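Got a predicted structure plus its sequence, pasted below:
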Amino acid sequence: MSHEIPEKPALEGLEAKWGETWETEGTYSFDRARAVQLGKESVFSVDTPPPTASGSLHIGHVFSYTHMDLAARYQRLNGKVIFYPMGWDDNGLPTERRVQNYYGVRCDPTLPYIDGFVPPFEGGDNKSSKAADQVPISRRNFIELCEKLTVEDEKQFEDLWRTLGLSVDWKQTYRTIGDESQRTAQRAFLRNVKRGEAYQADAPTLWDVTFRTAVAQAELEDKEMPGAYHSIVFHGANGDITIDTTRPELLPACVALVAHPEDERYKPLFGTTVRTPLFGVEVPVMPHHLAQPDKGTGIAMVCTFGDTTDVTWWRELQLPTRAIMGFDGRIVSEAPAGIDSEEQRAIYAELAGKTVFSAKARIVELLTESGEMIGQARPIQHPVKFFEKGDKPLEIVTTRQWYISNGAKDESLRSRLLERGTQVDFHPDFMRVRYDNWVEGLNGDWLISRQRFFGVPIPVWYPLDADGNPVYDSPILPAEESLPVDPTSQAAPGYTEDQRGKAGGFQGELDIMDTWATSSLTPQIAGRWAEDDELWNLVFPYSLRSQGQDIIRTWLFSTVLRAELEHGQAPWANAGISGFIVDPDRKKMSKSKGNVVTPQGMLDEHGSDAVRYWAASSRLGTDAAFDPENPKQIKIGRRLAIKVLNAAKFVYSFAHTDGAEVTEELDRDMLRRLAEVVRSATESYEKFDHARALEVTEQFFWTFTDDYLELVKERAYREAGSEGQASAVAALRLAIDVFLRLLAPVLPFATEEVWRWTHAGSIHTSSWPTVAEIPVNGESNGLLDLCGAALVGIRGAKTEAKASQKTPVTHAVIEGPAALAAAQADLAAVGRIVELELRTADTVAVVSIVLEEAAE
RNA sequence: GGGCGGUUAGCUCAGGGGUAGAGCACCACAUUCACACUGUGGGGGUCGCAGGUUCGAAACCUGCACCGCCCA
């Protein structure tokens, strides 16, 4: 049943109206039966980015998620069975931080659970508040709040995506903290362990002292920070040696001095030892190529650990460990090996318990008193490694952590990963280079354990020996059937809960997994890997991964890695990479600025089709400037959507003759042009070039309304079935039918509205237009363009005369190719020309035009 | 320091060896008969700079400058 054409069509309310209809009709549901029947080749599966359910969605999300939806909608119209799930990334640090601020609490795992706990407040301003003001609560209470808040966030996110018109199958949703995700993440991890791809190691680990957690390479960020060189004096057998350091507080952790092997100044010292100032610890002087002769005095002190170069020296020169940095970022109370005498211990005690900042100040005083520091500290700016979400510089501490091999130490794996990269079609292609660079630059395995609370538990236990010490080398693993498990609340297999923590018993792993360890498995989670083989085989490998360029090194890479380790193949055929949104002044849109205008506000104010048009007009991989004060592209999109409604309504107002043929030459030429647009738009969508498809469609649509529709409307107004009338109306209606489907991916609401005036079902489950369905196709004879040129001449003449376009013309002479004669009547009608004379010439020109005298 | 993109009209961008393009903005004109969230027309550019290839370069090559991003 078709709907009535409204008196005055409008965009307002279309989102709610059609969103509801699509939901009840199941327009975007994954049609599994059809997929099974037609086979995997018929399925177009999308690996969607689960947005972080911790803050708010911004305009950049709308941008890239629309790009993904355009591809899905095109493929759906093209007859594919679409598998288009949506997930929420709700585990991890961002959620913890948001919960802390929103409810004014913080997690203290040592506290007992409080039944019916009521947080001090709700709806904090989401700015970092002081830990001292937060109420400490148990891990279980904390996690309950995490779940409560993320469910609320996710509801809002879903509402926004529905308003935007994402053609997601809302029955296919998951949460990265949900049981299914935990089961998948733990299953994949267990298989990694069994194949030797996941392992534990005691290793220097980049450590964030604020969050008290280990940090992976992918989460690092360099920041330029002020620092200062301190010149301090070491004592050798043949005199003193001065070194420059920015970290004098690490002096007790000093294990060696290094200089470049070719550095003549220090060559004689290699192989000798020197004594550290204040502590008198004997350390070797050694050569290493990473020492920079031009930096400071050219000889550096190696501490365990000041920075990542120290780690390299420590490993390659096989130096001892004298760690002094605690997990809280304070100097540990016990002095390291080598500091043995009363006197030295007393000096060390002055530093113990101090923060890096205070320890530095005190040791400078001590060195100055002892005369072992030369001059004052000299301020410099230098890059310092930070956790990307952290506020304090990272420290390096030695801890036992879980790792997954990522090719950094395994050339065979690395080359396989590079190979997989070549098997994915990147859009645009140059984005592949970022993946390649990342893989080639990996220098450590993937650290996946995190000392946090809200995430997927690492599913292992450790047996305790007779002395009650954990035997890390023989972890106890759960059976896959028992997943998901939480080792902190469930007893290890073969043990009972009362053996927890007892000699001869077990202890559970406290750490959780890095959030990327879960989100790297989005294809497996959404496709129900190892749980629903039929579904899995239909959707994997996926057709498309869609994401932003900023997470190529994290999400894209880690997904390829997990797919390679688990399945030995690339996870997708295509990767569509969206650019990001920049301010009018070319800066990356910041939250503080971008949040002034919320996506929901944009959608409400301009309409979803208009916002989608804006996103669709940018190509993949291209950054888009966006000025919330003046959203030009959005307004243009809105105008297009309104034009679609009105043009269609106009066309449907003409008397229509069933089965009429398109006989008039002008009508036939318009259809030939339309066929060319269909061909071109199809080719563009096949290449994931939605912007090009939109451009060619839109351009011809305006030609269609401004020129063709004007040229034939007088003819179309005539009595039904009269000379040429039926031809015009048949051509108009066919063109609208085709245009609607060409524009449906970009303007799903306006096109659906119009489509239902004359069709029973949804436009979105109709079929993509083809050249074959247009009865006239082939090369255009140029008639429409000739008429367009003649129109410009006529209109120009009237504008020149400051006359209305409706002013009648008593006589006009138009030159042009002889073909123009085929449209003589239409030209005369649109120009209101009583007597139109055509003369043959190479180019179109209005030679003379005589306007009727004004009535008054 | 290495890599990747970019630099075309006031703005946002397309194009890509053969007469410089679109939309917006601007200016002028029109105005109730699909559309005022309107229609028509107009002005506006040494295509970042310097070399080279070519009959011909905005496009291809080389170098440089500047902007952005990624990695050291």
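Looks like it came in fine.

what does the stretch 551-700 of chain A have sitting close to RNA strand B?
When proximity is defined as C-beta under 7 Å from any atom of the strand, the stretch 551-700 of chain A approaches RNA strand B at A:553, A:582, A:584, A:586-588, A:619, A:622-625, A:632-633, A:636, A:638-639, A:642-643, A:646-647, A:649-650, A:653, A:692, A:695, A:699. Quick note: C-beta positions are derived from backbone N, CA and C, even for glycine.

Sitting in helices, which of those do you find?
Among those, the members found in helices (DSSP state H) are A:632-633, A:636, A:638-639, A:642-643, A:646-647, A:649-650, A:692, A:695, A:699.

Derive a ChimeraX selection command for the buried subset of these.
Burial among these is assessed by 16 or more other C-beta atoms under 10 Å; the matching ChimeraX selection reads:
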select /A:633,638,642,643,647,649,692,695
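
Counting neighbours, what do you get for the residue lying closest to residue A:236 once chain neighbours are set aside?
Once flanking residues are discounted, residue A:236 sits nearest to residue A:274: 4.4 Å by C-beta to C-beta, 6 or more residues apart in numbering. Each residue near residue A:274 was counted by other C-beta atoms under 10 Å, and the total is 26.

Kindly report the same for residue A:613.
Residue A:613 has 26 nearby residues by other C-beta under 10 Å.

Over to residue A:832?
The tally of other residues near residue A:832 (other C-beta under 10 Å) stands at 19.

mind exporting the helix or strand hosting residue A:534 as PDB, just the C-alpha atoms?
Assigned by DSSP states H and E, residue A:534 belongs to helix A:533-539. This file holds the C-alpha atoms of helix A:533-539, laid out as PDB (Å, rounded to 0.1, in the frame of the first residue of the first chain):
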ATOM      1  CA  ASP A 533      30.000 -22.300  12.800                       C
ATOM      2  CA  GLU A 534      27.400 -21.600  10.200                       C
ATOM      3  CA  LEU A 535      27.300 -17.900  10.900                       C
ATOM      4  CA  TRP A 536      31.000 -17.700  11.300                       C
ATOM      5  CA  ASN A 537      31.600 -19.200   7.900                       C
ATOM      6  CA  LEU A 538      29.100 -16.900   6.300                       C
ATOM      7  CA  VAL A 539      30.700 -13.700   7.600                       C
END
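
So which elements touch that helix?
Helix A:533-539 is packed against helix A:32-38, strand A:43-47, with contacts defined by 3 or more C-beta pairs under 8 Å, 6 or more residues apart in numbering; DSSP states H and E.

contact partners of the last one?
Contact with strand A:43-47 is made by A:35, A:68, A:71-72, A:75-76, A:80-85, A:522-523, A:526-527, A:538-540, A:542-546, A:559, A:571-572, as judged by C-beta atoms under 8 Å, 6 or more residues apart in numbering.

go on, the first one?
Taking C-beta under 8 Å, 6+ apart as the criterion, the residues outside helix A:32-38 that touch it are A:42-43, A:81, A:83, A:534-535, A:538.

List the buried residues in it.
Neighbour-count burial for helix A:32-38, counted by 16+ other C-beta under 10 Å, picks out A:35-36.

element containing the residue nearest to residue A:236?
Residue A:274 belongs to strand A:273-275 when assigned by DSSP H and E.

Excluding chain neighbours, what is closest to residue A:201?
Closest residue to residue A:201 apart from its sequence neighbours, by C-beta to C-beta, 6+ apart: residue A:403 at 6.0 Å.

follow-up on the earlier one: so which elements touch the strand holding residue A:274?
Strand A:273-275 packs on strand A:220-236, strand A:282-287, going by 3+ C-beta pairs under 8 Å, 6+ apart.

Next SSE downstream of the last one?
Counting by DSSP H and E, the next helix or strand C-terminal to strand A:282-287 is strand A:299-303.

The helix or strand that that following strand is followed by and RNA strand B in contact?
Later in the chain than strand A:299-303, the nearest helix or strand by DSSP H and E is helix A:308-316. No. Helix A:308-316 does not reach RNA strand B (C-beta under 7 Å from any atom of the strand); its nearest approach is 8.6 Å.

Return the alpha-carbon coordinates of whichever helix or strand comes after helix A:308-316 using CSV.
From helix A:308-316 onward toward the C-terminus, using DSSP H and E, the following helix or strand is helix A:342-351. Extracted in CSV, the C-alpha atoms of helix A:342-351 (Å, rounded to 0.1, in the frame of the first residue of the first chain):
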residue,chain,number,x,y,z
GLU,A,342,75.7,2.4,57.0
GLU,A,343,76.7,5.7,55.6
GLN,A,344,75.4,5.0,52.1
ARG,A,345,72.2,3.6,53.4
ALA,A,346,71.7,6.7,55.4
ILE,A,347,72.0,8.8,52.3
TYR,A,348,69.6,6.5,50.4
ALA,A,349,67.1,6.7,53.3
GLU,A,350,66.9,10.5,52.6
LEU,A,351,65.4,9.6,49.2
